[in-house]
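> Could you work out the structure for the sequence below:
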Amino acid sequence: MSATTHAEAPERSGLAPALAAARTRLVLVGVLFALAAVGWWWTAGQMQDMDGGPWTELGTLGWFVGVWAVMMAAMMFPSAIPVVVAFATFSRSRGESPTLAATLFVLGYLVVWGALGVPAHAILVAVAGMRDATPRLAAMLPALGGVLLIACGLYQLTPLKDACLRHCRVPHLFLGHHWRDGLDGAFLLGAHHGLYCAGCCASLMVVLMVVGLMNMVWMVGLSIVIYLEKIVPRGSLVVRAAGVALCVAGVQRLVA
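Modelled structure (predicted):
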């Protein structure tokens, strides 16, 4: 009996960390999906009284950045799950609290996306001001939108897009190249990944501004594209298809 007990002890000692790691992964996946769901629900409520059209003006900077950050959480969190889970696993192996480290990682990631709301707001306000001051410019906005859609489609086909996407699709590549220890390192690493994610999704965010930042249909559609690009095995085909589709849509706007 004693021999059996001693033989089973290593198995139990090895099984406990594995179960704890699996539990952490399930919690992280559930929390990120839940936060994304809440983000969609809240954003939909904020959009009810807005027209959702192109170049929609979104009020004060503070309000806009808040809405933008929640929108980005809704759109990006599902596709960020693999890297967050991988980061939590690495953190556990280095003796850190995986849940706390993952929380700071996600916070750093979201801070970067929230900060990008500042230039987005500036662009929307500038375009709205020029449109109101120059009637001729208002008539040119559809053509400008067409040019931007073509530019976004071409960006999808560039090496920069591929490089940023590679760090999103292969979490161990990103973590292996940029790892930082400690809780401050978790926040900075999350922010670093947010920059790669922004580079990966830059063209699609511009598309959202062109077609209507508060347009739920486009938000959902682009979120699906982002998820497929980062998660499915042949995501590169989605990238190319989206690029070609954006170029075609841009040309149609120019000739319409």
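
> Would you point out which residue is most central in the protein?
The centroid of the chain falls nearest to M76 when counting by CA atoms, centre = their mean (3.0 Å).

> That residue touches E229, doesn't it?
No: M76 is beyond contact range of E229, at 11.8 Å (criterion: CB atoms under 8 Å). Every C-beta, even on glycine, is put in place using the N, C-alpha and C of the backbone.

> returning to that earlier point: which strand or helix spans the residue nearest to the centre of the chain?
helix 61-93 (DSSP states H and E).

> packing partners for that helix?
For helix 61-93, the contact count by 3 or more CB pairs under 8 Å, 6 or more residues apart in numbering; DSSP states H and E identifies helix 2-47, helix 98-115, helix 117-133, helix 171-178, helix 182-211, helix 216-231 as packing neighbours.

> relative to helix 61-93, how tilted is the shortest one?
In this case it means helix 171-178. 90 degrees (axes from the mean of the first three to the mean of the last three CA atoms, to 10 degrees).

> for the fifth one, same thing?
Helix 182-211 and helix 61-93 meet at an angle of 140 degrees, taking the same axes, to 10 degrees as the criterion.

> For helix 182-211, which helices and strands make contact with it?
Secondary elements touching helix 182-211 (3+ CB pairs under 8 Å, 6+ apart): helix 61-93, helix 98-115, helix 117-133, helix 135-155, helix 159-169, helix 171-178, helix 216-231, helix 235-255.

> Mind doing that once more with 7 Å?
Applying 3 or more CB pairs under 7 Å, 6 or more residues apart in numbering; DSSP states H and E, one finds that helix 182-211 contacts helix 98-115, helix 117-133, helix 135-155, helix 159-169, helix 171-178, helix 216-231.

> Name the nearest residue to R253, ignoring sequence neighbours.
G146 (3.2 Å; CB to CB, 6 or more residues apart in numbering).

> In contact with that neighbour: list those residues for me.
Counting by CB atoms under 7 Å, 6 or more residues apart in numbering, G146 touches G250, R253, L254.

> tell me, how many neighbours does the last one end up with?
The tally of other residues near L254 (other CB atoms under 10 Å) stands at 14.

> try the second one
Applying the criterion other CB under 10 Å, we find 18 residues in the vicinity of R253.

> Let me see the contact set for it.
Neighbouring residues of R253 by CB under 7 Å, 6+ apart: P142, A143, G145, G146, L149.

> try 6 Å
Neighbour list for R253: P142, G145, G146 [criterion: CB atoms under 6 Å, 6 or more residues apart in numbering].
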